[in-house]
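K.L.:
Sharing a model prediction with you, sequence too.
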Amino acid sequence: MLENLTYEKSGVSIKTGEQTVKDIKDIVKSTFIPGVLSEIGGFSGLFELGQYKNPILVSGTDGVGTKLKIAIESGIYNTIGIDAVAMCVNDIIVNGAKPLFFLDYIALGKLEKESFKTIIQGIAQGCKLANCALIGGETAEMPDMYKDNDFDIAGFAVGVVEKDELIDNTKVKSGDNIIIIPSNGLHSNGFSLVRNLFFKTLKMKNQDYIEEFGVSLVEELLKPTKIYTKEVLQSVKNGGVNAMAHITGGGIAGNLARVLPKNVSAVIEKKQIPKLPIFEYMKKYINEKEMYKVFNMGAGFIIIADELNTLKIAKITKGIIAGKIVKGSGEVNIV
């Protein structure tokens, strides 16, 4: 018998993991909303739907991609958890669903308590911004899979909407308006290209101050993805929202096309798309057509609204009326 062969000597400390769960309990509980029935540390998270008459559960899962590498290399972990929440909840509000709860999955090589706590604090902050509860998750310590400070993070969100209030694309029609809600930067897509440009091609460093950005490169790149829950759900409550799109990988055209019926097309005026410094800077080096295929280009979220409610929705969301729905065949044209 190999008495000296233990789990801890193999690189995984159960004791540290148990203590870390205890350390983050208050952070997690700070996100709880009415409906949460479980405590952190159980085998599953419980949530009561309450007074919904004909509820539809809406779910979404996503990760943060290679934006993580910038966080790891810079040692800045306070925003990446917000990204994980945002990428999930922004997808489910597309259907008019109110986010209820979020689960995280973090895989890492070595559990470093303070870094882990900072990541969880970011997730909790994201949940508060989305007005949903962090009711559980999984932390997998795998030293043979992840070396040094490497880790990966993914999330899973569940929301609810009454069946007769579900937002799909069945009401979209010619004459509707397109409202762009601005992004605050890159969000969490296209970072393989971003890293290639700034770090490999331009040989920049994280700490380099970029005058056009007004901050260091790493501060710009790690801006957390904007969470649109509050203004989007308020717009849905107002009425007149016919379809919505979260603009992620694939850009404006690729994502908006996903919610267009086959008998209409979208026409967006390029001059109405917000011009953010990060994209204007990158256009010096990357073909604009390529950028529109990869990035949100300043349009983080899009609402297709009926004409009667357009102005009110634009006011609620601080959005820009940027185009029209016309008769067509499901295409998105940026002109």
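P.N.:
Yes, it's here.

K.L.:
Which stretches in the stretch 201-335 of the chain count as strands?
P.N.:
209-210, 215-216, 241-246, 264-268, 299-305, 320-327, 332-334 (DSSP state E, counting those that start in this stretch).

K.L.:
and of those, who's closest to Ile252?
P.N.:
strand 299-305 (5.3 Å; Cβ to Cβ). (Glycine included, C-beta is placed from N, CA and C.)

K.L.:
Could you list the alpha-carbon positions for that closest one in PDB?
P.N.:
Extracted in PDB, the C-alpha atoms of strand 299-305 (Å, rounded to 0.1, in the frame of the first residue of the first chain):
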ATOM      1  CA  ALA A 299     -24.000  47.800 -31.100                       C
ATOM      2  CA  GLY A 300     -24.300  45.600 -28.000                       C
ATOM      3  CA  PHE A 301     -28.000  44.800 -28.300                       C
ATOM      4  CA  ILE A 302     -30.700  45.400 -30.900                       C
ATOM      5  CA  ILE A 303     -34.500  45.800 -30.500                       C
ATOM      6  CA  ILE A 304     -36.900  45.700 -33.300                       C
ATOM      7  CA  ALA A 305     -39.800  47.900 -32.300                       C
END
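
K.L.:
which one's the longest helix in this protein?
P.N.:
helix 113-130 (DSSP state H).

K.L.:
pLDDT averaged over that one - what is it?
P.N.:
Mean per-residue pLDDT for helix 113-130: 96.

K.L.:
what's the answer for stretch 235-247, then?
P.N.:
For stretch 235-247, the per-residue pLDDT averages 98.

K.L.:
residues of that stretch that come out buried?
P.N.:
Neighbour counts over stretch 235-247 (16 or more other Cβ atoms under 10 Å) mark 235-236, 240-247 as buried.

K.L.:
what's the most distant pair in those residues?
P.N.:
Greatest spatial distance in those: Gly240 and Ile247, 20.4 Å, computed using Cβ to Cβ.

K.L.:
circling back to that earlier point, and the longest helix of the chain, how far out from the chain's middle?
P.N.:
Chain-centre distance of helix 113-130: 14 Å, with Cα atoms, centre = their mean, to the nearest Å.

K.L.:
Heading C-terminal from it, find the next helix or strand.
P.N.:
Following helix 113-130 in sequence order, the next helix or strand is strand 133-141 (DSSP states H and E).

K.L.:
From Ala157, how far out is the spatially closest residue to Gly175 that is not a sequence neighbour?
P.N.:
In space, and not counting its chain neighbours, Gly175 is closest to Glu307: 5.9 Å by Cβ to Cβ, 6 or more residues apart in numbering. Separation of Glu307 from Ala157 (Cβ to Cβ, to the nearest Å): 32 Å.

K.L.:
which one of these two has more residues nearby?
P.N.:
Taking other Cβ atoms under 10 Å, Glu307 and Ala157 do not tie; Ala157 has more neighbours (29 against 12).

K.L.:
I figured the more buried one hits Phe102, correct?
P.N.:
Yes - counting by Cβ atoms under 8 Å, Phe102 is a contact partner of Ala157 at 4.9 Å.

K.L.:
intersection of neighbour lists for these two?
P.N.:
Common contacts of Ala157 and Phe102 (Cβ atoms under 8 Å, 6 or more residues apart in numbering): 85, 88-89, 130, 132.

K.L.:
For stretch 242-257, output the C-alpha coordinates as PDB.
P.N.:
C-alpha atoms of stretch 242-257 as PDB (Å, rounded to 0.1, in the frame of the first residue of the first chain):
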ATOM      1  CA  ASN A 242     -41.300  42.700 -31.700                       C
ATOM      2  CA  ALA A 243     -37.900  41.000 -31.600                       C
ATOM      3  CA  MET A 244     -34.400  41.400 -30.000                       C
ATOM      4  CA  ALA A 245     -30.800  40.300 -30.700                       C
ATOM      5  CA  HIS A 246     -27.800  40.100 -28.500                       C
ATOM      6  CA  ILE A 247     -24.800  41.100 -30.700                       C
ATOM      7  CA  THR A 248     -22.000  38.700 -30.000                       C
ATOM      8  CA  GLY A 249     -19.600  36.700 -32.300                       C
ATOM      9  CA  GLY A 250     -20.800  37.000 -35.800                       C
ATOM     10  CA  GLY A 251     -21.400  40.700 -35.500                       C
ATOM     11  CA  ILE A 252     -24.500  42.800 -36.200                       C
ATOM     12  CA  ALA A 253     -25.600  41.100 -39.400                       C
ATOM     13  CA  GLY A 254     -24.900  37.600 -38.200                       C
ATOM     14  CA  ASN A 255     -26.900  37.900 -35.000                       C
ATOM     15  CA  LEU A 256     -29.800  40.100 -36.200                       C
ATOM     16  CA  ALA A 257     -30.400  37.700 -39.100                       C
END
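
K.L.:
which residues in the stretch 1-150 of the chain form strands?
P.N.:
55-63, 98-108, 133-141.

K.L.:
now the second one, how far from the centre of its chain.
P.N.:
Centroid separation between strand 98-108 and its chain, computed with Cα atoms, centre = their mean, is 12 Å.
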